[in-house]
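Make a model of this:
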Amino acid sequence: MVHVSFIDNRQNDCKIIKLRSLQVVPLNKRQFKILSLLQWIFYPVAALMLLAFLADAFGGYRYWTDAVWGFFDRAEDPVAIIVIGLFYIVLVALVWQFLLIEFSRPRLRRKIGPPLIELYPPRFATRFILPVLAAFFVVGINAMIFVPGTVDFSISGLDLAPLLFLFFFYSVAHFLLIAFSLRAFRNMPFFVATEEGFIYEPGDVSPGLIKWSDISEGAEAALLSSGSANIGGPRTRPTIVLSLKDPDAVFDVYNPLLREINQVATRIIKYQSGGVGDIVLAAEDFGVHYDAVRALIRDKLGTRWTSRLPE
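Model prediction:
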């Protein structure tokens with residue numbers, strides 16, 4: 001059992017809150033169905049590539065191997081263009097929303113009232129590591145494009161798909177440099193909870209203030225997680241999932257592109273959790289403060305907090 005001192009600004013004193021370690025929860029039936037669907041996509045492609053490799057390695061099937069790889073070569077460009085097109089849609093939606101938040105953030109901060117909990121990202125990572133990495137990213141990609149001899153290939157000779165990928169990463173690099181630099185100078189909290197509600201924006205994108213009165217149901221759910229911790233198979237990680245009485249009204253502050261993307265993500269989350277999950281707060285974002293945040297939300301929701309979700 002781990003203990004941490006936590007400041008409650010209402011009473012200006014220090015409380016000791018017991019924290020439990022974040023356990024990996026087994027997958028439920030709905031999550032297994034999602035993975036089974038993905039397997040039908042992954043395994044046939046992997047099997048086809050394995051057969052082509054074996055035929056090529058042991059000889060005698062050169063024509064079949066060439067035909068298989070020829071098919072992939074012919075399909076590569078249109079598939080790559082579709083994929084990068086989806087990336088561009090997400091990027092435009094995020095940049096658009098980032099600009100909207102930048103203009104509205106000071107007004108929202110004034111409205112939310114005195115904080116009960118206020119959490120900040122790690123200072124060293126936020127103020128030094130991320131901006132420096134973004135700056136190196138920008139310098140490197142600009143050198144590739146504008147400094148002759150930096151790379152072995154000619155930018156002007158690239159096909160459409162590689163050129164789109166290059167411009168995508170060029171845009172991402174400059175966007176991240178601006179976003180990380182602003183975050184470093186401002187050092188703003190990513191989570192603020194007050195008597196009225198909370199703001200949660202770990203990635204500088206959020207619908208703004210979520211009022212406690214706008215929440216119809218809340219629970220703790222184990223959702224499928226991605227990242228280095230998933231080596232060896234799919235994993236789940238604890239999250240707090242919240243359903244809203246009127247999600248369309250809350251997410252109306254999102255631009256049209258981001259609203260569509262959010263709706264797709266929400267459907268996947270709700271399918272996993274059994275119907276709860278317009279808002280998701282990831283336990284890993286809060287670290288040792290996760291139990292404190294969960295306790296506050298549970299207290300504010302009262303009977304609207306669900307202890308057990310559908311199996």
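
contacts, neighbours, all on C-alpha from now
Noted.

Next, count neighbours for the residue lying closest to Gly203 once chain neighbours are set aside.
Leaving aside its sequence neighbours, Gly203 sits nearest to Phe190 (Cα to Cα, 6 or more residues apart in numbering; 8.0 Å). Taking other Cα atoms under 10 Å as the criterion, the count of residues near Phe190 is 19.

what about Phe190, distance to Arg298?
In this structure, Phe190 and Arg298 are 20 Å apart, going by Cα to Cα, to the nearest Å.

Run through the protein and note the low-pLDDT ranges.
1-38, 48-49, 51-77, 79, 104-111, 225-234, 308-311 (pLDDT under 70).

show me where it has helices.
Here the chain has its helices, by DSSP state H, at 29-58, 62-111, 123-124, 130-146, 160-186, 247-250, 256-273, 283-286, 290-301.

Kindly present the ones you listed as TSV, with separate columns for distance to Leu209.
Formatted as TSV, those follow (distance: least, Cα to Cα, whole Å):
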stretch	distance to Leu209
helix 29-58	30
helix 62-111	7
helix 123-124	24
helix 130-146	26
helix 160-186	19
helix 247-250	9
helix 256-273	17
helix 283-286	18
helix 290-301	14
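
nearest to Ser206, of those helices?
Ranking these by proximity to Ser206 (Cα to Cα) places helix 62-111 first, at 8.0 Å.

neighbours of the spatially closest residue to Ala219 that is not a sequence neighbour, just the number please.
Here the nearest residue to Ala219 in space, its sequence neighbours aside, is Thr306; by Cα to Cα, 6+ apart that works out to 5.0 Å. For Thr306, the number of neighbouring residues by other Cα under 10 Å comes to 15.

can I assume Thr306 is in contact with Ser216?
No - checked against Cα atoms under 8 Å, the pair Thr306 and Ser216 is beyond contact range at 10.4 Å.

What's the separation between the nearest residue to Glu201 once chain neighbours are set aside and Pro121?
If the residues on either side of it in the chain are set aside, Glu201 comes closest to Phe190, at 5.0 Å by Cα to Cα, 6+ apart. Using Cα to Cα, one gets 7 Å for the distance from Phe190 to Pro121.

Next one: the closest residue to Ala143 other than its chain neighbours from Leu133, what distance?
If you skip the residues right next to it in sequence, Ala143 has Thr150 as its closest partner in space, 6.5 Å away by Cα to Cα, 6+ apart. The spacing between Thr150 and Leu133, counted by Cα to Cα, is 19 Å.

same thing with Leu94?
With distances defined as Cα to Cα, the gap from Leu94 to Leu133 amounts to 20 Å.

thinking again about what came up before, for the residue nearest to Ala143, grab phi and psi.
Main-chain dihedrals, Thr150, degrees, to the nearest 10: phi -70, psi -40.

do the same with the one 4 residues further on
Note on Ser154: its backbone torsions stand at phi -90, psi 130 [degrees, to the nearest 10].

For it, give me its contacts.
Taking Cα atoms under 8 Å, 6 or more residues apart in numbering as the criterion, Ser154 is in contact with no other residue.

One more: Lys211?
With contacts defined as Cα under 8 Å, 6+ apart, the neighbours of Lys211 are Glu196, Gly197, Phe198.

what's the closest of the residues you listed to Leu166?
Distances from Leu166 to those, taken as Cα to Cα, are shortest for Phe198 (38.3 Å).
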